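# how would this look folded up:
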Amino acid sequence: MIYEELEPLPGQRHIVACYWRFEVQSHDILPFEHVIVPDGTVSLSYFEDAGASEWGVAVNGPGVEARKVHLTCARRWLGVRLCAGVVRSVLGLEAGALRGRSLPLLKTRLDARNLRTVLAGYTDLADARRRLRPTIEQWLAAAQPLDTVAVAAARAIADAGGRVVVRELAASLGLGPRQLRRRFAREVGLSPKEFARARRVRRAFVEALREMKSRWSQLSAEVGFADQAHLIREFREVFGVPPQVVDAYIRSIRHERIVDP
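The predicted structure is shown next:
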């Protein structure tokens, strides 16, 4: 298995967090349950060789729990991970309605058939990014105004790896905590606290992957958990198992590049 991320092109960074691909190869042991680490964002995903299936292109909403997908054969997926807080502006979709859900793009107003045509036969992630550039530019040209406060709050939480105090963040943006929670939930689909947890969990795995062997006792403090017990408790809520179990699976995937910590 291979996972890779690629940075957005210039002019896209305020709406695209990264491009990504996931590949299950013919020598991988199948079937198995693929575990997707939540990151609090919305992704568009392209499922190669979907044929006439409505799931050829899907929109995957933000969630507070890991997604688990049963995989039965060797295939390639690629996707566009959007920055938190931009999905209503750019795609006209309500983040709250997408929470914890994956939908075929054909069930939205977006043209899934066009995306499937654009991406058919892509060679690698850089090629897919190049092919998608005109589509992204069309989205930008038609975008509605962003809620800049909600987007700024999400960016601050992501940049801090989830290590924020919501009350202090709200004050820095000129809002009360309740005002921030309301606007944030509308644009991101999660509460600031839920989004911060998702970013802490993702940051923990990014940092762990940089080590030959994970140091969860030390990492718990480095990535914003109060202590190791706090980390284990939150991982059980997100994945249903301790961090070491998920870590073993994540390490079975070859990570070629990570650009969105």
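# Could you list the residues in contact with the helix or strand containing T117?
Counting by DSSP states H and E, the element that carries T117 is helix 112-119. The contact list for helix 112-119, computed with C-beta atoms under 8 Å, 6 or more residues apart in numbering, reads 44, 46, 50, 54, 56-57, 78, 104-106, 128, 131-132, 134-135. The C-beta positions use only the backbone N, C-alpha and C, and glycine is treated the same way.
# please redo it, this time with the cut-off set to 10 Å
44, 46-48, 50, 54-59, 78, 80, 104-106, 111, 127-128, 131-135, 138 (C-beta atoms under 10 Å, 6 or more residues apart in numbering).
# burial measure for Q138, as a count.
Q138 has 12 neighbours, counted by other C-beta atoms under 10 Å.
# do the one 4 residues further on as well
A count of nearby residues for A142, using other C-beta under 10 Å, gives 11.
# Please report how far it lies from V90.
According to C-beta to C-beta, to the nearest Å, A142 and V90 sit 8 Å apart.
# Repeat that for G176.
For G176, the distance to V90 equals 28 Å [C-beta to C-beta].
# Looking only at neighbour counts, state which of the two leads.
Remark: of G176 and V90, V90 carries more neighbours, 21 against 12, as counted by other C-beta under 10 Å.
# okay but that one is in contact with V16, surely?
Yes. With contact defined as C-beta atoms under 10 Å, V90 counts as touching V16 (9.2 Å).
# Could you tell me which residues touch both of these two?
With C-beta under 10 Å, 6+ apart as the test, V90 and V16 both reach 82-83, 136, 139-140.
# which residues of the stretch 101-250 of the chain fall in strands?
Using DSSP state E, counting those that start in this stretch, the strands of the stretch 101-250 of the chain run over residues 102-104.
# quick one, helices of it?
Remark: helices assigned in the stretch 101-250 of the chain by DSSP state H, counting those that start in this stretch are 112-119, 125-142, 148-159, 166-172, 177-188, 192-209, 216-222, 228-239, 243-250.
# do you know which of these lies nearest L6?
Closest approach to L6 among the helices of the stretch 101-250 of the chain is made by helix 125-142 (4.8 Å; C-beta to C-beta).
# Kindly supply the PyMOL command isolating those of the contacts of helix 112-119 that are buried.
Remark: buried members of those, expressed as a PyMOL selection using 16 or more other C-beta atoms under 10 Å:
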select buried, resi 44+46+47+48+50+56+57+58+59+78+80+104+105+106+128+131+132+135
